[in-house]
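Engineer: One predicted model, sequence on top.
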Amino acid sequence: MKRTLFFVLLLIVIVVSVTQFTLPSRQSTQQDFNDLNYEEFKSGVRRLRDGSVEVSSLVNMPEVTSNMFRWWFTDYLQTTEHYKMWHPEDHVWMDWEHKKSGEITGSHHLVHEYIGGELSKLRIQFALPQEIIGYDPSDENTVVLCARVGELDSSLNIAEMCHVAQDTPWGIELRSRFWLGVVSDREAAKWQNFLLSLVANNPISRRFTVSEIEGLALQKHCIEEMSYLGDLLPTIYKQ
């Protein structure tokens, strides 16, 4: 019986490993932001080689500029009332920690929001793009906001994300990507995070802890909130 169980588990590991090898890597998909044409970027949800789930959304925002998009985060978004304007159905509460006026990197956005009908309490920790995707796609026509996403009620980070807003003649194209299942403890020592990564950041563990269904719910939420924002920004910015 034990021998049979061992071979079944071994077969599962082999099948998962072979399947994962055929999938795109997270590093290769991160490079999509380096392609100014973004011809291959599409909204979607898919499993990656490292087992994480990648969520992509593409939202067009007519009459919005990349500077307006940055301004929303760096200056305007201050209260729960503002936050609810961003998504009246899903957004419940917000606050900031380590926030400086006119800046976003280093700040922590504390939020309560519904995703897929479940209340999520999150700490969104804005970081340099280089820390998340390894380079900075920003230029005079492109604004990039990247962050680690963690649980608000614990010290666990569970995902990474980037929003890339690129100016066009008619407005901006906003490309967002989330990588679910990127686990770390923001309060732990390096050696503790190393051990945590061995346990949590592997294809098999991620297969059991992160699902494409969660990704679809997040994609729906992101497209909705960014569509709301696209409608709001031209008027609010003029005021």
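Structural biologist: Arrived safely, thanks for sending.

Engineer: partners of the longest strand belonging to the chain, with directions?
Structural biologist: Of all segments of type strand in the chain, defined using DSSP state E, the longest is strand 171-185. Neighbouring strands of strand 171-185 in its sheet, by DSSP bridges, are strand 53-62 (antiparallel), strand 156-168 (antiparallel).

Engineer: Out of the ones you listed, flag the one nearest Val210.
Structural biologist: Shortest distance between Val210 and those, using CB to CB, is found for strand 53-62: 5.0 Å. Where you see a C-beta, it was placed from the backbone N, CA and C, and this is true even at glycine.

Engineer: Can you list the buried residues in that closest one?
Structural biologist: Of the residues in strand 53-62, Val53, Glu54, Val55, Ser56, Ser57, Val59, Met61 count as buried by neighbour count, 16 or more other CB atoms under 10 Å.

Engineer: okay, the third one: pLDDT?
Structural biologist: What that stands for is Val55. Val55 is assigned a pLDDT of 96 by the prediction.

Engineer: Report the angle between the longest helix along the chain and strand 156-168.
Structural biologist: Scanning the chain for the longest helix, with DSSP state H as the assignment, gives helix 212-238. Put simply, helix 212-238 runs at 50 degrees to strand 156-168, going by axes from the mean of the first three to the mean of the last three CA atoms, to 10 degrees.

Engineer: packing partners for helix 212-238?
Structural biologist: Judged by 3 or more CB pairs under 8 Å, 6 or more residues apart in numbering; DSSP states H and E, helix 212-238 is in contact with strand 44-47, strand 53-62, helix 66-71, helix 80-86, strand 108-115, strand 171-185.

Engineer: Would you reformat the strands paired with strand 171-185 as JSON lines and include distance to Trp93?
Structural biologist: Formatted as JSON lines, those follow (distance: least, CB to CB, whole Å):
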{"stretch": "strand 53-62", "distance to Trp93": "23"}
{"stretch": "strand 156-168", "distance to Trp93": "19"}
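
Engineer: Only the buried residues of the helix or strand that the longest strand of the chain is followed by, if you could.
Structural biologist: Note on strand 171-185: by DSSP states H and E, the next helix or strand toward the C-terminus is helix 190-200. Neighbour-count burial for helix 190-200 flags Asn193, Ala200 (criterion: 16+ other CB under 10 Å).

Engineer: I'd like to check which residues are in contact with the spatially closest residue to Lys220 that is not a sequence neighbour.
Structural biologist: Distances taken as CB to CB, 6 or more residues apart in numbering place Gly116 nearest to Lys220, at 7.5 Å, with adjacent residues excluded. Residues near Gly116 by CB atoms under 8 Å, 6 or more residues apart in numbering: Ile213, Glu214, Leu216, Ala217, Leu218, Lys220, His221.

Engineer: Tell me the one of those nearest Leu195?
Structural biologist: Nearest member of the contacts of Gly116 to Leu195, counting by CB to CB, is Glu214, at 25.0 Å.

Engineer: Select the helix or strand of this protein having the lowest average pLDDT value.
Structural biologist: Least confident helix or strand, the chain: helix 2-21 with a mean of 55, by mean pLDDT, DSSP states H and E.

Engineer: thought Met94 was touching Tyr83?
Structural biologist: Yes. Counting by CB atoms under 8 Å, Met94 touches Tyr83, with 4.0 Å between them.

Engineer: where do the contact lists of those two overlap?
Structural biologist: Shared contacts of Met94 and Tyr83 (CB under 8 Å, 6+ apart): Leu77, Val111.

Engineer: quick one, the longest helix of the chain and strand 108-115 angle?
Structural biologist: Angle of helix 212-238 versus strand 108-115, following the same axes, to 10 degrees, is 120 degrees.
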